[in-house]
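*Asks:* Need a 3D model of the sequence below.
(one chain, ligands or ions: 2)
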Amino acid sequence: MALPLGEEVLAGLGGFEDAAVVKVADDLALVATVDFITPVVDDPELFGEIAAANALSDVYAMGGDPWFALNILCLPCAFPAEVARGVVVGGLRKVKEAGAFLVGGHSVDDEEPKYGLCVVGRVHPERVVRNSTLEEGALLYLTKPLGVGIVTTAIKAGLASEEAVEKAVESMRKLNKEASLKMLEVGAVAATDVTGFGFIGHALEMCSSGEFDIVVEVEKIPVIEEAFEYASMGLIPAGAYRNREYFSQKVVFERNVGDWEMVLFDPQTSGGLLVAVPEDRAGLYRYPCVGYVVKGSGRVVVR
Ligand code: CO
Ligand code: CO
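*Replies:* Ligands and ions are numbered 1, 2, ... in the order given. Modelled structure (predicted):
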């Protein structure tokens with residue numbers, strides 16, 4: 001979609017950036033995003049925390065510092081008032097943890113519950129971290145484990161173990177704040193957050209310039225280990241199959257990776273940052289290193 005862009009729009013429609021970026025002064029740009037999700041857990045406060053962390057993540061992925069946020073809440077009007085309160089209390093907790101303010105919002109009567117935030121953050125216009133500005137030799141890091149889509153599918157089927165639920169919930173409610181601050185410190189060249197398109201889909205966004213391939217060393221990827229067991233039981237979200245169908249043409253599996261395959265396509269809620277750090281500074285970024293960037297044609301190579 002080609003819409004006229006003003007020079008002040010540093011990131012907008014087109015491209016796969018995580019949020020819009022608009023320059024308002026030589027030393028200030030605003031990073032804006034809106035994101036809301038359906039419940040992944042039953043507890044209203046936990047759901048609020050997860051949905052808020054998920055929405056804030058797009059600002060962090062671009063190197064932004066969340067400034068203020070507005071609620072988006074959709075609930076059936078028959079729900080007790082405590083549910084709405086719980087969701088919003090959870091969301092507010094994460095907005096505060098991010099150092100931002102909750103300044104308003106909007107709620108709608110809706111049969112299917114949904115919650116999220118519109119978030120505006122601040123970034124220096126020259127420090128915006130884009131997602132497809134890879135460079136050769138950069139190392140690739142993933143800051144949270146994969147598998148939360150598979151585990152939440154197991155939760156819905158009533159088959160997830162307590163430990164698996166706890167690992168998935170802890171991961172989803174965790175802010176990408178520190179991962180983002182550290183990526184700015186080490187001078188990351190590109191980053192995105194891993195969400196609905198899964199690890200592979202978001203890795204492909206990073207090589208969308210068509211000049212590089214990302215080589216992934218599958219054994220190095222952090223994962224909630226129960227996800228393998230649930231995947232082998234067929235507890236795989238429909239989105240993982242859609243992702244595989246959509247993206248597999250641009251993925252090269254150099255060997256049979258077994259249950260890893262669906263984990264790599266698993267859609268994530270509030271997933272980690274996928275960060276490319278230049279080789280000479282790579283040792284300073286203390287998260288799992290999962291691959292590297294080579295000259296190529298915009299593919300993900302799994303080995
Ligand atoms: Co994103
Ligand atoms: Co998003």
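*Asks:* Which residue does the stretch 151-300 of the chain have closest to ligand 2?
*Replies:* Scanning the stretch 151-300 of the chain for the residue nearest ligand 2 gives residue 195, at 5.7 Å (criterion: Cβ to the ion). No exception for glycine: its C-beta is placed from N, CA and C like everyone else's.
*Asks:* burial count for that residue?
*Replies:* Using other Cβ atoms under 10 Å, residue 195 has 22 neighbouring residues.
*Asks:* Just confirm it contacts residue 57, I think it does.
*Replies:* Yes. Using Cβ atoms under 8 Å, residue 195 and residue 57 qualify as a contacting pair, with a distance of 7.4 Å.
*Asks:* okay, and the common contacts of these two?
*Replies:* In terms of Cβ atoms under 8 Å, 6 or more residues apart in numbering, residue 195 and residue 57 are both contacted by the residues 270-271.
*Asks:* so what's the residue of the stretch 151-300 of the chain closest to ligand 2 up against?
*Replies:* For residue 195, the contact set (Cβ under 8 Å, 6+ apart) comprises 54, 57, 202, 267-271.
*Asks:* same check, this time on residue 205
*Replies:* Taking Cβ under 8 Å, 6+ apart as the definition of contact, the neighbours of residue 205 are 16, 131-132, 192, 197.
*Asks:* what two of those residues have the greatest distance between them?
*Replies:* Between any two of the contacts of residue 205, the greatest separation by Cβ to Cβ is 13.9 Å, found for 132 and 197.
*Asks:* Next up, the contacts around the closest residue to residue 257 other than its chain neighbours.
*Replies:* The spatially closest residue to residue 257, leaving aside those adjacent along the chain, is residue 218, at 5.4 Å (Cβ to Cβ, 6 or more residues apart in numbering). Going by Cβ under 8 Å, 6+ apart, residue 218 touches 257, 260, 264, 302-303.
*Asks:* one more time with 7 Å
*Replies:* When contacts are counted by Cβ atoms under 7 Å, 6 or more residues apart in numbering, residue 218 touches 257, 260, 302-303.
*Asks:* Let me see the backbone angles for it.
*Replies:* When quoted as degrees, to the nearest 10, the phi and psi of residue 218 stand at phi -60, psi -40.
*Asks:* The one 10 residues further on now?
*Replies:* The phi/psi pair for residue 228 (degrees, to the nearest 10) reads phi -60, psi -40.
*Asks:* same deal with residue 276?
*Replies:* phi -100, psi 120.
*Asks:* Equivalent analysis for residue 133, please.
*Replies:* Torsion angles at residue 133 (phi, psi; degrees, to the nearest 10) stand at phi -100, psi 50.
*Asks:* isn't it right up against residue 187?
*Replies:* No. Counting by Cβ atoms under 7 Å, residue 133 stays clear of residue 187, with 12.0 Å between them.
*Asks:* Which positions in the helix or strand encompassing residue 107 come out as buried?
*Replies:* Under the criterion of DSSP states H and E, residue 107 resides in strand 101-109. Neighbour counts over strand 101-109 (16 or more other Cβ atoms under 10 Å) mark 102, 105 as buried.
*Asks:* which residues sit against it?
*Replies:* Counting by Cβ under 7 Å, 6+ apart, residues outside strand 101-109 touching it are 68-77, 92, 95.
*Asks:* Helices - which of those land there?
*Replies:* Among the contacts of strand 101-109, the members falling in helices are 92, 95 (criterion: DSSP state H).
*Asks:* Tabulate the contacts of strand 101-109 (TSV), appending distance to ligand 1 and neighbour count.
*Replies:* Rendered in TSV, the data for these read as follows (distance: Cβ to the ion, whole Å; neighbours: other Cβ atoms under 10 Å):
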residue	distance to ligand 1	neighbour count
68	19	16
69	16	29
70	18	16
71	19	24
72	16	20
73	21	21
74	21	17
75	25	21
76	28	11
77	31	10
92	22	18
95	18	24
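*Asks:* could you redo the contacts of strand 101-109 as JSON lines and give each row pLDDT and distance to ligand 2?
*Replies:* Listed next are the contacts of strand 101-109 as JSON lines, based on pLDDT from 0 to 100; distance: Cβ to the ion, whole Å:
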{"residue": "68", "pLDDT": "98", "distance to ligand 2": "18"}
{"residue": "69", "pLDDT": "98", "distance to ligand 2": "14"}
{"residue": "70", "pLDDT": "98", "distance to ligand 2": "15"}
{"residue": "71", "pLDDT": "98", "distance to ligand 2": "16"}
{"residue": "72", "pLDDT": "98", "distance to ligand 2": "13"}
{"residue": "73", "pLDDT": "97", "distance to ligand 2": "17"}
{"residue": "74", "pLDDT": "97", "distance to ligand 2": "17"}
{"residue": "75", "pLDDT": "95", "distance to ligand 2": "21"}
{"residue": "76", "pLDDT": "94", "distance to ligand 2": "25"}
{"residue": "77", "pLDDT": "90", "distance to ligand 2": "27"}
{"residue": "92", "pLDDT": "98", "distance to ligand 2": "20"}
{"residue": "95", "pLDDT": "98", "distance to ligand 2": "16"}
